[in-house]
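Here is my input; please provide its structure:
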Amino acid sequence: MKINSQRERLLASTFICGVALLGLSATQAAAQAADTGGDVAEVVVTGSRIPQPNLESVSPIQVVGSQDVLLGGRPQTIDILNQLPQVTQNPGVDLGPTSDPLSGPGGVSTVNLRGLGPQRTLVLIDGRRLGLGDPNTGNPNPAPDINQIPSQLIERVEVLTGGASAVYGSDAVGGVVNFIMKRNFEGVQLDAQYGVYQHNQHSDRMQDILANDGQLIPGKRWDGKSADYSVLMGANAPDGRGNVTAFFTYSKQKPVRQGARDYSGCQLNVNPDGSGFCGGSSNSNILYFASGALMDLDGDGVPESEAGAVRGNQFVPYGTAGTTPPAIFNSNPYMYLIQDNTRYTAGFFANYQVNEHAELYSSFNFMSSESNVNIAPSALFQGSGVTASGGFLVNCNNPFLSGQQQSSLGCTPANIAAGETRDLYFGRRNIEGGARNSFYDHTNYRFVFGSRGKLAGPWSYDLYGSYYRTKLASRVENYLSLQRIQDALLVGGTAANPVCLSGAAGCVPYNIFADGGVTPEAADALTILGTQSGVTTQRIIEATITGDLGEYGIKSPWATNGVGVAFGLTQRRDHLEFAPDAASESGDLSGSGGASVRIDNSLRAAEAYAEARIPLINDMPFAQEVLLEGGYRYSDYSTGIQAKTYKVGLQWQPVDGIRFRGSYNKAIRAPNILELYTPQSVTNTSDVPEDPCARGADNPASAAACANTGVTPAQYGAIPQCPANQCAVLTGGNTNLTPEAAKTFTVGFTTRPNFLPGFTASVDYYRIKIGNIIGTIPLEIILDRCLETGDEFFCSQVTRNPVNGTLFGTTAASGGYINGRTVNVAKSINEGFDFQANYKLPLEDWGVDKWGGISFDLAGSLLTKQSNTSLPGDPSYDCAGYFGSSCGTIYPKWRHTARMNWTVPGVDATLSVAWRYWGKTKYENLSGDDQLSGAPDPFISKIRAVNYFDVAGIWDLNDKFRLRAGVNNVFDVNPPLVPSAIVGGGLPNTYPLYDLLGRRLFVGVTANF
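All right, here's what the predicted structure looks like:
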């Protein structure tokens, strides 16, 4: 690169140093280049690196423009994406502002194309890879955080269907989401938007259930307020050869709790007759022997009760009315329906063309995001204690115990005199404390610097380097310490002057054996702060050379254009570090789901790729254009993995107005750092809600079957049941993982018929087959196969607590879990059709003068197969058209978004109506697949189709000010009501892909100077 004059050096330093520079994206629209006065001859579309003279793509691409963003009134970028028919939200793997508050990390939003998982969707900014958004080892499906992309800066979003690993590398299995950002802006633009949710409580069925349980029925609400502000500034270079565009945004979303909506006022449980009732957590007011022995609560000397509860200063049978806390704790009023979030972003895009050989470009993006997630108060959780069995010790001479309570625990006078202890399971809610708070502070920045330009002849280059970094600082508050609980339960002295026998500093005796016995000092002494920190980084160096071989006469004899080629090299290094504090790492936080684990590992990938675009025929009868595309990539990973991917595509335009296209891709997803290196840990899971070998099981297994899982004859029938419908799972990475392999096929056509000016449409069939999927063997399959067959492979994955045989716990050492470590095991097939149509209709063409114009847009997706195979050799099951716990979410066969815009003449205004449609689905147990079929749910058999209607308007007051306003979900449609046992305990009795909070009103203003 050569700078020829002092003036050029001055201009370069002005537009490069400190501010840096960013050139036009590889996928930037042609019109944007014209903003700087450049001639537009070629552009590059998502899915290819070769410049071409039009925006035709061999693979289907869905585009969301900046006007769609404004009319939608959704300031959260993830909410924009979730409206697309190709995007699915699975509460078990996806994260967002309305995620299950029990699911893990907060403050992160991920996008999931085709329901294949966020880790199989590649996210790009201006054609360049975005790194992982969260280093938390508690996040089992790490993916880029969409929150760091401000919606105010989006020029458009391009969503490509199918594999694209030959072009972009690993992870592009389900498809690619490419954000094209605004740049080359000149002037100052200020934007502000205010939004609020409004909901009329009209779930009559749920209100009856709440009333029968004595729960609060919320009234009409205005809540979930949001405020979003942005500043966009830009200036051109004095000589017109460059531009700097800078931005700053602020976003504030206030939280809403599940108790603020009638349909989520409590967990919806179902009786056998189909009636509903309020469920909740048994970790409220319950205690029993860790050994499973019965308790003598009536004092007749004959143990008869499996569990007791505290009422007054007595132990009464568990479930007795009038206890404090109650037998079942309603957690929903504490849990967030939408998270509390404050976010700042800032950065710039800049470019300066020194000469035809060197266009310097750079960008910088910064985000600071603070999120708060609330869940129910902490507790003494059954099976999470410090003893080998998972219990807590209570001494028989504890002065807080009444005589009846000592007798119920089998404490004889001799036992009391000797100070013997009893090993007990407690489920006791900390009602004296507040909700558990989890704070997530994410700070990330991304820097790109490069140069592009002509080399010699038909050859051009693009060389850049990027550095991406995300830092997480999280803390949890109002959690109880397990060790402090144990110290505070071993009490001596008198009831008036109790003392902790441990002598631990700060210990205050804990009296949970009498109503009102817990003092504020005792509750405060048990709480502990947990902190975690982590960093994930990504470094990329990439060089690409493109050329038109037609300059050398290399072209088809039937074509007018030459062969276009691209060659490139990429070096990428990802690093992830996560460090919990001592309290988190030791598992001392009661209710945190087990111990957090630390990690500090890296991955490297060196890649080489090539791509060709070969015009075969031009301007011949029934072959105006025939175009062949091909691509190949070789990847070498530091783990020893070597992968080869490729693509082949064909376009055929027989006549004006119609073009056929098809492509075949082999794509991969290499195992990421967390999947490879995360240490083992044990946590609770609702994937296995009960132990068939424990007492009280709804579907008990025989003694012989239970023996396969390690149950002894003495333990059978006496093992404590998994609390709160959650048994335990052992999680962890696996360094023997190999890449997932996908084969994707698309075929379809686009049409622009001459007889219907302004109309465009496309129809595309897609098929995505993935093998060697990285995941876990479904835990219920492991347990069921072991019970049914005694197969050593499955039974070796079940580890019971050696003391009492339970299948729950919080540590690998104590046992009580099913092995859910990461393995290559499953496969899936996803098939369907995508439909797009756009019609721009000037009314004057139809004889209606002075009425402006109308445009219609439709994007629809028909899902014909969502097939999964859990284990090699097992039959597959198809979730298309079904919902349920095995499918993980809802998969309607048809889904669409449609919008009609009316350009109002004379007032520079646009009025818009949108229709969002979710098709009907059936409960998966009603499927004919053996892997899904089962007993019908008496409460629900299907979910009816859901229709949402949105209205919005934009009004240009003058050339400086623009107003906009709208209402989403105009009719305040409730989300479908689904039992908690199906959707999961932390969700609001429905799936988060529906509109959870009711209608949303927004108003905004834009000022340009």
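
going forward, measure contacts between C-alpha atoms and count neighbours the same way
OK.

Tell me the buried residues in the helix or strand containing N341?
Using DSSP states H and E, N341 maps to strand 340-355. Buried residues in strand 340-355, defined by neighbour count with 16 or more other Cα atoms under 10 Å: 340-355.

same deal with stretch 216-230?
Going by 16+ other Cα under 10 Å, stretch 216-230 has these buried residues: I217, P218, W222, D223, G224, K225, S226, A227, D228, Y229, S230.

Reformat these into JSON lines and put secondary structure next to each item.
Formatted as JSON lines, the buried residues of stretch 216-230 follow (DSSP: H, G, I helix; E, B strand; the rest coil):
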{"residue": "I217", "secondary structure": "coil"}
{"residue": "P218", "secondary structure": "coil"}
{"residue": "W222", "secondary structure": "strand"}
{"residue": "D223", "secondary structure": "strand"}
{"residue": "G224", "secondary structure": "strand"}
{"residue": "K225", "secondary structure": "strand"}
{"residue": "S226", "secondary structure": "strand"}
{"residue": "A227", "secondary structure": "strand"}
{"residue": "D228", "secondary structure": "strand"}
{"residue": "Y229", "secondary structure": "strand"}
{"residue": "S230", "secondary structure": "strand"}
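
Which of the residues you listed sits closest to S66?
S230 (14.8 Å; Cα to Cα).

tell me the contacts of the closest residue in space to that closest one that isn't next to it in sequence?
Nearest in space to S230, with sequence neighbours left out and distances taken as Cα to Cα, 6 or more residues apart in numbering, is T249 at 4.1 Å. For T249, the contacting residues are P150, D228, Y229, S230, V231, Y344, T345, A346, by Cα atoms under 8 Å, 6 or more residues apart in numbering.

one more time with 7 Å, if that's ok
Residues in contact with T249 (Cα atoms under 7 Å, 6 or more residues apart in numbering) are Y229, S230, V231, Y344, T345, A346.

is it true that the last one touches S368?
No. No contact is recorded between A346 and S368 when judged using Cα atoms under 7 Å, the distance being 9.1 Å.

Export the buried residues of stretch 216-230 as TSV, with columns for distance to A704.
Below are those laid out as TSV (distance: Cα to Cα, whole Å):
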residue	distance to A704
I217	48
P218	50
W222	57
D223	55
G224	54
K225	58
S226	58
A227	61
D228	62
Y229	65
S230	66
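
quick one: which of the residues you listed is nearest L807?
I217 (36.9 Å).

what's that closest one in contact with, if anything?
I217 neighbours (Cα under 7 Å, 6+ apart): Q207, L210, D262.

what does D972 give?
H199, G998, R999.

For S980, give me phi and psi.
Here is the backbone geometry of S980 (degrees, to the nearest 10): phi -60, psi -30.

all numbers from here: first residue = 102
Noted, 102 is the first residue going forward, which turns the last one into S1081.

from memory it sits against G366, does it?
No. Using Cα under 7 Å, S1081 is not in contact with G366; the gap is 11.8 Å.

Between those two, which has more neighbouring residues?
G366 (27 against 22; other Cα atoms under 10 Å).

Please report how far the more buried one lies from I641.
According to Cα to Cα, to the nearest Å, G366 stands 48 Å off from I641.

and what of G692?
For G692, the distance to I641 - Cα to Cα - is 40 Å.

Looking at those two, which is more packed in?
More neighbours surround G692 than the other of G692 and I641, with 23 against 20 (other Cα under 10 Å).

and that one, what is it in contact with?
Applying Cα under 7 Å, 6+ apart, the residues contacting G692 are S479, A480, F482.

Can you name the residues that contact R1000?
Counting by Cα under 7 Å, 6+ apart, R1000 has contacts F957, D958, L959, S1013, V1014, A1015, W1016.

Quickly note the distance from it to F934.
Taking Cα to Cα, one finds R1000 at 20 Å from F934.

got it, and L438?
From L438 to F934 the distance is 33 Å (Cα to Cα).

So these two - more neighbours on which side?
Using other Cα under 10 Å, the more surrounded residue of L438 and F934 is L438, with 30 against 18.
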